[in-house]
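Asks: Need a 3D model of the following:
(2 chains)
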Amino acid sequence: MNLAVILIASLMMFAIGIIGCLIRRNALIFFLCIEMMLNAANLLFVAFANQWSDINGLVWVFFVLIVAAAEAAVGLAIVISLFRSKRSVDLDQYSDLHY
Amino acid sequence: MENILFMIYPLCLLLSSLGVLVFKKPVHSCLSFLFSLITLAGIYLELFASFIAVMQILVYAGAILVIFMFVIILFQDAHQQIERFPSKNNRFFIIATVFSLVAVVSYLSYLIAYPLTNWASMHTTDERFGDVQPLGQSLYLHFFFPFELVVLLFLIALVGSVYIAKRE
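Replies: Residues are numbered from 1 along each chain as shown, chains lettered A, B, ... in the order given. Alright, predicted model coming up:
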């Protein structure tokens, strides 16, 4: 198992998540891409925990998993209430606070 | 053989992550994300983090993606309004791609300049490295207070999500 391969895969996964957040206009895909970035960070934690034989890295992955679950619950609730206000999940339409 | 198997995992991971980006229907993106989560669990197993791999499947594929699926079903007709894939502000796509390319290229050049060959022999070969017992010991002995705080956070998130999504 080569660490460099994992690092590159994690970096590319994070980049794909950022690109997805910026170019997709669907609120649900936006949240999926945020979850993907969290997963890229998790992959790094696991890889380095294995590299240094340190179990504390896996404990942090556990915490990140819990925070991701909480974030998904609150985020999807926000998406639902956004949908109620404008009957749309298109992020381009929610620019009321721009000006 | 093991090397080939190990190259297949990151390849599947990247392809399924790209699938989240390019599929037009949210359900297809969600299923592609499910595939990338399962691939990640496979990589965790290869890295001897067995408990984390099981949690990945249970929490992500079992709980979070099901919530996503429910919300997608809830908004079935709203998705059809946003079918235009490259959105009207195209500059975001260019900026994001340029920055990601710069990051990937700089990282690759760093790896070529300083190869990690001297690290490669350091990784653990203990198959019981990521089992429940050592992880639980570390969690309850060294991380007990953060663990309790995270439980509180989870409770607050539960109540908050119900309150936000509640009809006025």
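
Asks: Any stretches of chain B with poor pLDDT?
Replies: Applying pLDDT under 70 to chain B flags the ranges B:1-3, B:79-90, B:115-122, B:168.

Asks: Okay, now the unreliable bits of chain A?
Replies: A:1, A:99.

Asks: Where do the helices of it begin and end?
Replies: A:3-23, A:27-51, A:56-86 (DSSP state H).

Asks: Domain map for chain B?
Replies: According to automatic domain parsing, chain B comprises the domains B:2-92, B:131-168.

Asks: now those in JSON lines, with mean neighbour count and distance to A:Ala4?
Replies: Every C-beta, even on glycine, is put in place using the N, C-alpha and C of the backbone. Putting the domains of chain B into JSON lines (neighbours: other C-beta atoms under 10 Å in any protein chain shown; distance: least, C-beta to C-beta, whole Å) gives the following:
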{"stretch": "domain B:2-92", "mean neighbour count": "17", "distance to A:Ala4": "11"}
{"stretch": "domain B:131-168", "mean neighbour count": "13", "distance to A:Ala4": "26"}
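
Asks: Next, the angle helix A:27-51 makes with the helix or strand where B:Ile4 lies.
Replies: Under the criterion of DSSP states H and E, B:Ile4 resides in helix B:2-22. Relative orientation of helix B:2-22 and helix A:27-51, computed by axes from the mean of the first three to the mean of the last three C-alpha atoms, to 10 degrees: 160 degrees.

Asks: hmm, helix B:2-22 in reach of chain A?
Replies: Yes. Using C-beta under 8 Å from any C-beta of the partner chain, helix B:2-22 reaches chain A at B:6-7, B:10, B:13-14, B:17-18, B:20-21.

Asks: Measure how far that helix is from the centre of its chain, please.
Replies: Distance, stretch centre to chain centre, for helix B:2-22: 13 Å (C-alpha atoms, centre = their mean, to the nearest Å).

Asks: packing partners for it?
Replies: With contacts taken as 3 or more C-beta pairs under 8 Å, 6 or more residues apart in numbering or on different chains; DSSP states H and E, helix B:2-22 sits against helix A:3-23, helix A:27-51, helix B:26-46.

Asks: Hmm, A:Val46 and B:Leu47 touching each other?
Replies: Yes. Under the criterion of C-beta atoms under 8 Å, B:Leu47 makes contact with A:Val46 at 5.4 Å.

Asks: Count the residues that sit near A:Ile78.
Replies: Neighbours of A:Ile78 under the rule other C-beta atoms under 10 Å in any protein chain shown: 16.

Asks: thought it was touching B:Ile164?
Replies: Yes. Between A:Ile78 and B:Ile164 there is a contact at 5.9 Å, judged by C-beta under 8 Å.

Asks: Would you format the helices and strands packed on helix B:2-22 as a markdown table with distance to B:Ala53 included?
Replies: Output for the helices and strands packed on helix B:2-22, formatted as a markdown table (distance: least, C-beta to C-beta, whole Å):
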| stretch | distance to B:Ala53 |
| --- | --- |
| helix A:3-23 | 14 |
| helix A:27-51 | 9 |
| helix B:26-46 | 4 |
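
Asks: which one of the ones you listed lies closest to B:Leu152?
Replies: Proximity to B:Leu152 (C-beta to C-beta) singles out helix A:27-51 among the helices and strands packed on helix B:2-22, at 20.2 Å.

Asks: Do any residues in the closest one lie close to chain B?
Replies: Yes. Applying C-beta under 8 Å from any C-beta, one finds helix A:27-51 touching chain B at A:28-29, A:31-33, A:35-36, A:39, A:42-43, A:46-47, A:49-51.

Asks: could you say what helices and strands that helix packs with?
Replies: helix A:3-23, helix A:56-86, helix B:2-22, helix B:26-46, helix B:65-74.

Asks: Counting by contacts, list what the first one packs against.
Replies: Going back to what we said before, that points to helix A:3-23. helix A:27-51, helix B:2-22, helix B:91-113.

Asks: B:Gly136 is nearest to which of those helices?
Replies: When the helices and strands packed on helix A:3-23 are compared by C-beta to C-beta, helix A:27-51 sits nearest B:Gly136, at 15.2 Å.
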